[in-house]
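Undergrad: Could you look at this predicted model? Sequence included:
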Amino acid sequence: MEQVRDGAGALRSWRGGRLLPAAVFVVLSLAAVIVFFVVRSNVDSQNRRLLRERTGEVGLLIKSAVDNLPTSLQPLGVAQRLGGTQAFLEEANAQAAKAPTETIALVRTTGAAATVIAAAGLAPVFPDGTALTGVPARAIASAASGKPTVTPVFRFGRTRLIGFAVGSPTTSPGRAVLIVAPINPSPTATHTVTQQRPFDELDVALYAAPRPDASQLVLTTTRAPLTGEVAYRRIPVGDTRWLLAAKARDPLGGSFPAAVPWIVLAVGLFGAAIATGFLLMFQRRRDYAIALVDARTAELNASLEELSETQARLVFQERLAAIGQVAAAVGHELRNPLGVLTNSLYLIRTALPSGDTERIERHLATADREIGAAVVIVEGLLDFARQSEPELEEFDLDDLVDEALAVATAPAGIDVARRRLDDVGGVRGDRQQLRQVLLNLLTNAYAAIDGEGVIMVDAVADGARVEIRVSDTGVGMDEDTVNHIFDPFYTRKAKGIGLGLAVSRRIVEAHGGTIAVRSAPGEGTTFAVRLPGALVPKAEAPA
Amino acid sequence: MSAVLVADDEAGMRETLADILAESGYGVTSAADGDAALDAIRNNRFDVVVMDIRMPGRDGVSVLREVGKPPPRVILMTAYAKERHLREAREKAFAVVHKPFPVPQMLDLVASAVRAAT
């Protein structure tokens, strides 16, 4: 019996693979990382833009402060009071009290030399008569010629200073005021200037030079060097250009936008993990389903096997029953001739002493006849059991019918009518087998007629087909009998083995033909044997 | 001379049995089927009837069923182990004999049936 095929095949054919969850995780994670970088790059460029803007603002503030320096000195009345050193000192002291880190000095220039006339302030005070050289001297020279000047960062003794020189060339030629302040870059300095917004957000460093130059560092809000994302802005101060470096303390776009890339990354990785988890779960379910289907398939196959065994057992039992049926049919049928033989032998034995040969011969003939009857029964069974192929030969059908009628003579009261196959060369078939079919049909027809009746043996040709019909005017059969009439061991006669029609049908079918019956109770019976292609045209008829 | 009817559709059995019984001194009549047997029984007086069960038309058991009174002693014969009316046959018949039977046994049976009848 066929095995139940692999029910899990469809599930199995889905090539999910063990590596799929890992691949999905890697791909989704990669996607999350890429999106992370894209978003972060956006946020960074936004921050850079903001940093540039803020740095610009700070730069403007610083420039404005520096530009305002000369103006802030106006109240000092420097230019007006250059003539009186004492008055300058009073003004300078008053001014220095307001800005305690500054030193204000009155300087006289002669050519390239610059000499401090008077100075006020707390930080390094230039003693009177100090000769200034270098950076301050150049600034004073410039100021004295009417051009206020901001100095680069310079050293005086151990102190780093930055100065602003202004002169009054018209009223006091050769005289100038030098205002210096110590440069002490310190984070603490921020506290005095960071009340304004840009300084809240930025760490800045201001160089009195166009390049980051630690020696020219004027101001810084952090001890740490400014590294990473640093914005620069050059600020014109007098003739020089200062450099403002700024770095955002916190992301300028706000902390949430800065967190967005990380949120994206986290969500992406989490999603990847969830998707992978679902995939694993699905795979596990699929595995479970496959296992379940496999188990069911195995159960089904076991059931099928069991069924198959049961079927084999049943078939065997059926065969045994059939064999029993055959044995019973044959055995019972043989009892009659055996009984007659027993009787005949008894009669012969009792006749022997008398020497009445005529009587003995008569009983011997009876015994012979009964042996013949027994042989017929056994042959009927053998015919049924034999699976012999028809041995085809050409013969005259009408001769065969004549022969059959001679062997099975019609009982008294029954007339046999004939329709012959005229103008036909012959019929091709197994003569012996077809003779047996005719005999079976004739004896059945005789048995069907109770008393008087007519039997018609009809042979007609239809193309190459030959049809032989045996009709009787007998009792006929009901539908149930018609349905079973060709079954082996089926008989309506009180006696008989019930194989005649079964054998006949097998013979006809072995010839490639059919045998049919038409009957109704009281209307007689017609058997029709159709043998396709059995007709031999006249020209080919055997000589 | 006791009268015996032999009824069997099998000519061989009918004729040999008739011969045997005639040789044993019985007056034997033959019938070839159940209807003929019934006719014979109704129209004649038989001491013993030896009859096959399976015959075309009326079978032996229905003949036995329909014979009037006083019923003759009937010995039924059968070739079949499983007769449909075997129980009824055993009840109504003097004896039921399975074919083939030893001839002396049949003669004994007929003799005892005749004795029982008289």
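TA: Looks like it came in fine. Numbering: from 1, shown residues only, chains lettered A, B, ... in the order given.
Undergrad: all helices for chain A, in order.
TA: A:9-13, A:20-73, A:85-98, A:134-144, A:190-193, A:197-201, A:255-351, A:357-385, A:397-407, A:431-448, A:479-484, A:500-510 (DSSP state H).
Undergrad: for chain B, that is, sorry about that
TA: Under DSSP H, chain B gives helices at B:11-23, B:34-43, B:60-66, B:86-92, B:103-117.
Undergrad: What lies in contact with the first one?
TA: If I follow you right, that is helix B:11-23. A:336-337, A:339-340, A:343-344, A:346-347, A:350, A:363, A:366, A:369-370, A:373, B:4, B:6-8, B:28, B:30, B:32, B:50, B:52, B:77, B:99, B:103, B:106-107, B:110 (C-beta atoms under 8 Å, 6 or more residues apart in numbering or on different chains). In this view, the C-beta of every residue, glycine as well, is placed from N, C-alpha and C.
Undergrad: List the buried residues in that helix.
TA: B:12-21 (16 or more other C-beta atoms under 10 Å in any protein chain shown).
Undergrad: ok, now the longest one?
TA: Within helix B:103-117, the residues that qualify as buried are B:103, B:106-107, B:109-110, B:113-114, counting by 16+ other C-beta under 10 Å.
Undergrad: do the same with the fourth one
TA: Buried residues in helix B:86-92, counted by 16+ other C-beta under 10 Å: B:86, B:89, B:92.
Undergrad: wait, the last one sits on B:Arg65?
TA: I take that to be B:Lys92. Yes: the criterion here is C-beta atoms under 8 Å, and B:Lys92 meets it with B:Arg65 at 7.3 Å.
Undergrad: Any stretches of the stretch 101-250 of chain A with poor pLDDT?
TA: Across the stretch 101-250 of chain A, the ranges flagged by pLDDT under 70 are A:101, A:122-125, A:168-172, A:184-200, A:238.
Undergrad: Check the burial of whichever residue of it sits closest to chain B by counting its neighbours.
TA: The nearest approach of the stretch 101-250 of chain A to chain B comes at A:Asp250, 113.4 Å away (C-beta to the nearest C-beta). Other residues near A:Asp250 come to 12 when the count uses other C-beta atoms under 10 Å in any protein chain shown.
Undergrad: What separation is there between A:Pro136 and A:Thr130?
TA: According to C-beta to C-beta, to the nearest Å, A:Pro136 and A:Thr130 sit 10 Å apart.
Undergrad: quick one: which of the two has more around it?
TA: More crowded of A:Pro136 and A:Thr130, by other C-beta under 10 Å: A:Pro136, with 26 against 18.
Undergrad: Which one of the buried residues of helix B:86-92 is nearest to A:Ser504?
TA: B:Leu86 (32.5 Å; C-beta to C-beta).
Undergrad: For that closest one, which non-adjacent residue is closest in space?
TA: Distances taken as C-beta to C-beta, 6 or more residues apart in numbering or on different chains place B:Val96 nearest to B:Leu86, at 7.0 Å, with adjacent residues excluded.
Undergrad: Also A:Arg335?
TA: A:Arg335 sits nearest to B:Ala79 (C-beta to C-beta, 6+ apart), 3.7 Å away.
Undergrad: mind checking pLDDT for that neighbour?
TA: Note for B:Ala79: predicted pLDDT of 84.
Undergrad: same deal with B:Lys69?
TA: 66.
Undergrad: what's the answer for A:Ile274, then?
TA: 93.
Undergrad: cool, the one 5 residues further on as well?
TA: Reading off the confidence values, A:Leu279 has pLDDT 90.
Undergrad: what's near enough to touch the closest residue in space to it that isn't next to it in sequence?
TA: Using C-beta to C-beta, 6+ apart and skipping residues adjacent in sequence, the residue nearest A:Leu279 is A:Pro21, 4.6 Å away. Each residue near A:Pro21 by C-beta under 8 Å, 6+ apart is listed here: A:276, A:279-280, A:283.
Undergrad: near chain B, which residues of chain A?
TA: A:328, A:332-333, A:335-344, A:346-347, A:350, A:363, A:366, A:369-370, A:373, A:450, A:493-495 (C-beta under 8 Å from any C-beta of the partner chain).
Undergrad: change it to 10 Å
TA: A:328-329, A:331-347, A:349-351, A:359, A:362-363, A:366-367, A:369-370, A:373, A:447, A:450, A:493-495 (C-beta under 10 Å from any C-beta of the partner chain).
Undergrad: what about burial for those, which qualify?
TA: Listed as buried from the residues of chain A next to chain B are A:329, A:332-344, A:346-347, A:350-351, A:359, A:362-363, A:366-367, A:369-370, A:373, A:447, A:494-495; burial here means 16+ other C-beta under 10 Å.
Undergrad: so B:Gly60 touches B:Asp35, yeah?
TA: No: using C-beta atoms under 10 Å, B:Gly60 makes no contact with B:Asp35, being 11.8 Å away.
Undergrad: more crowded one of these two?
TA: Shown here are B:Gly60 and B:Asp35; by other C-beta under 10 Å, B:Gly60 has more neighbours (28 against 15).
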